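Enquirer: This is a predicted model, with the sequence first.
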Amino acid sequence: MKKLDRREFVKLASVAGAGTLMPDPLKVFADAVDQLFGKPRQGQIEYVPKPVANAKFGMVIDLGKCIGCRRCMYACKLENNVPDTISPPYIMVFETEAATGAIGHYSSPEMMGKGSTLFYTKLRKDKWYMPVQCNHCDDAPCVQVCPTGASYKDPDGLVIIDYDKCIGCRYCMTACPYGARRFNWWEPHVPKDRINPLVPLRRHGVVEKCTFCVHRTRRGKFTRCVEVCPNKARTFGNFNDPDSEVRKLVRNERNFRLKEVLNTGPRIWYLTKPKEKHMQWYKPLPPPTNIRGIRQ
Amino acid sequence: MNNIGALRNKSRSFYIFIGILLAFIALGQFNWFRYLTYGPGDSGSSDVVPWGIYISGLAYFIGLSAGATIVGLIHHGFERHDYEPIAIRSIILGLVCVIGATQCVLVDLGVPFRGLKVPLLLHNFTSLFLVSSTSYYGFMAVLGGELYFSIKVLRGNASPRDKKMAKWFGILAVPYALWIVHAFTGSIFGVVKAREMWNTPMLPVHFVISAIASGFALAIMVAVITSKVEKRELLSKETYNHMGKILCFFVLLTVFLDFFDYFILRYSAKVEAMETWHIITTRYIVTFTLNIGGLVIAFIMLLFKKWRTGNGLLVIGAIVQVAIISYRIDLVSIGQLAPLFPGMGEIYYIPTFSEITIILGIFALVILLYTILSIILPVEKTFEKPAYTVRKFGQGFQKGRSSFTEPEHTSETFQNGFHNKK
């Protein structure tokens, strides 16, 4: 086989590079027909099971137990077929300063101060760690502003996106006070061996976010982030059940919700308990990289 | 000739101009097709800054269309007939600007063809995006109706009912445009409680006033440019003076609202507000200065009568356009740049080359549509040279002048014994 010299290689590479970026009118036409007349994709798998009757799901995160290991973030990414082009995935974990008050060293809603960062690489016992994701708000601004009704609130408390209705206007993303939504800027590619068949694959140009693992929770399982948390900082449950763990935690412990002043009614409660003394400290997984629009 | 044939026999520079516009449109179209093929990844927008210059473009274009309604109101409502030469031109201008705004929405969408199903097949009526984008269709219909009846009146084959319709379309377009179209477009941003800079009840008002300022300034610019291209005075000095005074008032109001918007943002000193203020005064100092400085300079210039002439207003109009474009960029971009949580890092938005070509393509499309429509449609009373000669008392025989006088008026004036001076 003839070896390529440098000039030829550069020429070929530039042609190939331009070729990959060239528009494909046939593909665009087929896609346009599909967008206009295509029916919703219905396979054998029910991607979004029917809402659970008389349930009101929610989550409690005990900040005294969270060590910021980012295991929830990566498990969520694998569970929900999140492509590498989406960064950070649905869960962001912040390292934050602590507030010191009358009862000592504790976490508080005001703790997201100047010392916060998303990009920590080492865990520190004097810091607090705070996972942030979609709060499945009761009065969700994203649902209110969605022009097509693609984002909707189900009676069991989950905010879901219908990927067959989303037009990718990104109004929901600007309206979300928690920065919880992600847009498919490129065609999402998930390696075949990584695909979870219970979760639909998305197309470019639509918005996605945490679903509280709708494919699991509506089939009687916990969310994946709850399962993988090494210190059991996360608790998921039905708030309509007076004996549920989440109800007890919220009833008996000091807690807050993120940006409550906005009256969005978030369904994630953060406990402000003092830090657990006997916790397993794991090495943190790497911070998110190549985030569009953010300079570290 | 007021038809498609009027596009023929134009000068070479006209065809070069059209060619340049088509080249811009083609480049924009090419890059948009790349977006449609691979996704809109080659843009400066991100998950943290979801809206970029397309939405700034939407806000700017929809604002410009206000000019049409204001000229229509002055012409029909206040019966200033000296505005007549730009009455139909400004309706066309409004129409093409609304088309430009819809194009900005279309290129911004991730799944644009599905977006065409809004609002008939896909809808959620609590969304202001739906309300405002649907109102653009209505606005196009209102402007289309106004255009249709105005042309009928102009051609002289209008019944009294048609004349009434033209008048009422012109007047009703104002509340529809200002309240439904512009105020609701401003409300798209105003209702977003997650963003400190946007979430203010002042925003719809601010949006409407700045829209009138930019739209009216553009209508003036179009009048002056048309005069220069056609080498004749479209409007009288008195009309320019009057337009300058109206523009002066709206520029003053825009500066006033701008000032208090930023003043209250800074004075409130909330965490997000301070973050926003920091971004305004550091990274976005250029657009901030162009916005406030441009409007203040335009206002001061407009106070002097010597600037309220054709050429002066052309310069002032250009300054106002730069100031309002800067405001639209600031409004959309800075509104999203303050991080939702401290610790997210420095958020930035830099439009890419493809994004800029697409928005320039939309600008070119708007200019092209206006140019063609203003040529093929009858835009003012005929000013063709009469084929016959007009005899005036005391002057012997004289060839008919190339004035704006209608032939039927000419015969009337001949009977009256003097030439109707307009």
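Expert: Looks like it came in fine. In this text the structure is predicted, and so the values were computed from the model without any measurement. Numbers count the residues shown, from 1 in each chain, chains lettered A, B, ... in the order given.
Enquirer: quick one, what contacts the residue nearest to the spatial centre of chain A?
Expert: For chain A, the residue sitting closest to the mean C-alpha position, by Cα atoms, centre = their mean, is A:Tyr90 at 1.7 Å. Neighbouring residues of A:Tyr90 by Cβ atoms under 8 Å, 6 or more residues apart in numbering or on different chains: A:73, A:76-77, A:80, A:82, A:133-134, A:180, A:182, A:209-210. Heads up, the C-betas are built off the backbone N, CA and C, glycines and all.
Enquirer: what does A:Asn196 give?
Expert: A:78-81.
Enquirer: Counting neighbours, which of the residues you listed comes out on top?
Expert: Tallying neighbours with other Cβ atoms under 10 Å in any protein chain shown puts A:Asn80 at the head of the contacts of A:Asn196, with 24 neighbours.
Enquirer: nearest residue to the residue nearest to the centre of chain A other than its sequence neighbours?
Expert: A:Cys210 (4.1 Å; Cβ to Cβ, 6 or more residues apart in numbering or on different chains).
Enquirer: before we move on, what about B:Ile356?
Expert: B:Ile356 sits nearest to B:Ile53 (Cβ to Cβ, 6+ apart), 7.4 Å away.
Enquirer: And for that neighbour, the neighbour number?
Expert: Considering only other Cβ under 10 Å, B:Ile53 is surrounded by 25 other residues.
Enquirer: Go ahead and confirm it touches B:Ile359.
Expert: Yes - between B:Ile53 and B:Ile359 there is a contact at 5.3 Å, judged by Cβ atoms under 8 Å.
Enquirer: tell me which element A:Met130 is part of?
Expert: A:Met130 belongs to strand A:128-132 when assigned by DSSP states H and E.
Enquirer: what residues does that strand touch?
Expert: Residues from elsewhere that reach strand A:128-132 (Cβ under 8 Å, 6+ apart): A:61, A:63, A:66-68, A:72-73, A:91-98, A:107, A:111-112, A:123, A:178-180, A:225, A:234, A:258, A:270, A:275, B:341.
Enquirer: Next up, the contacts around the closest residue to B:Ala211 other than its chain neighbours.
Expert: Nearest residue to B:Ala211, sequence neighbours excluded (Cβ to Cβ, 6+ apart): B:Gly63, at 3.4 Å. B:Gly63 sits next to B:182, B:207, B:210-211, B:214-215, B:324, B:328 when contact means Cβ under 8 Å, 6+ apart.
Enquirer: how about the host helix or strand of B:Thr102, does it reach chain A?
Expert: Assigned by DSSP H and E, B:Thr102 belongs to helix B:84-108. Yes - for helix B:84-108, a contact with chain A is found by Cβ under 8 Å from any Cβ of the partner chain, at B:105, B:108.
Enquirer: packing partners for that helix?
Expert: Helix B:84-108 is packed against helix B:53-64, helix B:66-72, helix B:112-115, helix B:128-155, helix B:202-230, helix B:353-376, with contacts defined by 3 or more Cβ pairs under 8 Å, 6 or more residues apart in numbering or on different chains; DSSP states H and E.
Enquirer: could those be laid out in CSV, adding mean pLDDT?
Expert: Listed next are those as CSV, based on pLDDT from 0 to 100:
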stretch, mean pLDDT
helix B:53-64, 95
helix B:66-72, 87
helix B:112-115, 94
helix B:128-155, 92
helix B:202-230, 94
helix B:353-376, 95
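Enquirer: how far away is A:Cys176 from B:Ile280?
Expert: Separation of A:Cys176 from B:Ile280 (Cβ to Cβ, to the nearest Å): 23 Å.
Enquirer: more crowded one of the two?
Expert: A:Cys176 (26 against 21).
Enquirer: so that one touches B:Ala194, yeah?
Expert: Yes - the pair A:Cys176 / B:Ala194 is scored as a contact, 6.2 Å apart, by Cβ under 8 Å.
Enquirer: avg pLDDT for the helix holding B:Thr102?
Expert: Averaging pLDDT along helix B:84-108 gives 94.
Enquirer: What of stretch B:381-401?
Expert: 49.
Enquirer: Which single one of the contacts of A:Tyr90 is nearest to chain B?
Expert: Ranked by distance to chain B (Cβ to the nearest Cβ), the contacts of A:Tyr90 are led by A:Arg182 at 5.3 Å.
Enquirer: who touches the residue nearest to that closest one when sequence neighbours are not counted in this structure?
Expert: Nearest residue to A:Arg182, sequence neighbours excluded (Cβ to Cβ, 6+ apart): A:Ile86, at 4.8 Å. Going by Cβ under 8 Å, 6+ apart, A:Ile86 touches A:182, A:184, A:188, A:208, B:47.
Enquirer: From those, pick the one nearest A:Asp164.
Expert: Comparing those against A:Asp164 with Cβ to Cβ places A:Glu208 closest, at 12.7 Å.
Enquirer: In space, what's closest to the closest residue to chain B within the stretch 101-250 of chain A - neighbours in sequence excluded?
Expert: As assessed by Cβ to the nearest Cβ, chain B sits closest to A:Gly168 within the stretch 101-250 of chain A, at 2.0 Å. Residue nearest to A:Gly168 in three dimensions, not counting chain neighbours: B:Gly110, with 2.0 Å by Cβ to Cβ, 6+ apart.
Enquirer: In terms of helices and strands, where is the one you found?
Expert: Going by DSSP H and E, B:Gly110 is not in any helix or strand.
Enquirer: Can you give me the neighbour number for B:Ile4?
Expert: 10.
Enquirer: got it, and B:Ile372?
Expert: Neighbours around B:Ile372, by other Cβ under 10 Å: 17.
Enquirer: Hmm, it is touching B:Leu7, no?
Expert: Yes - at 6.9 Å, B:Ile372 counts as touching B:Leu7 under the criterion of Cβ under 8 Å.
Enquirer: show me where chain A has strands.
Expert: Here chain A has its strands, by DSSP state E, at A:57-62, A:92-96, A:99-101, A:104-106, A:128-132, A:151-153, A:159-161, A:182-183, A:207-208, A:234-238, A:255-256, A:268-271, A:294-295.
Enquirer: Contact distance from chain A - what residues of the stretch 151-300 of chain B qualify?
Expert: Contact residues (Cβ under 8 Å from any Cβ) of the stretch 151-300 of chain B with chain A: B:188, B:191-195.
Enquirer: ok, residue 217 - contacts?
Expert: As the question left the chain open, I've gone with chain A. A:52, A:57, A:158, A:223, A:236.
Enquirer: wrong chain, I was asking about chain B
Expert: B:Ala217 makes contact with B:67, B:247, B:316-317, B:320-321, B:324, according to Cβ under 8 Å, 6+ apart.
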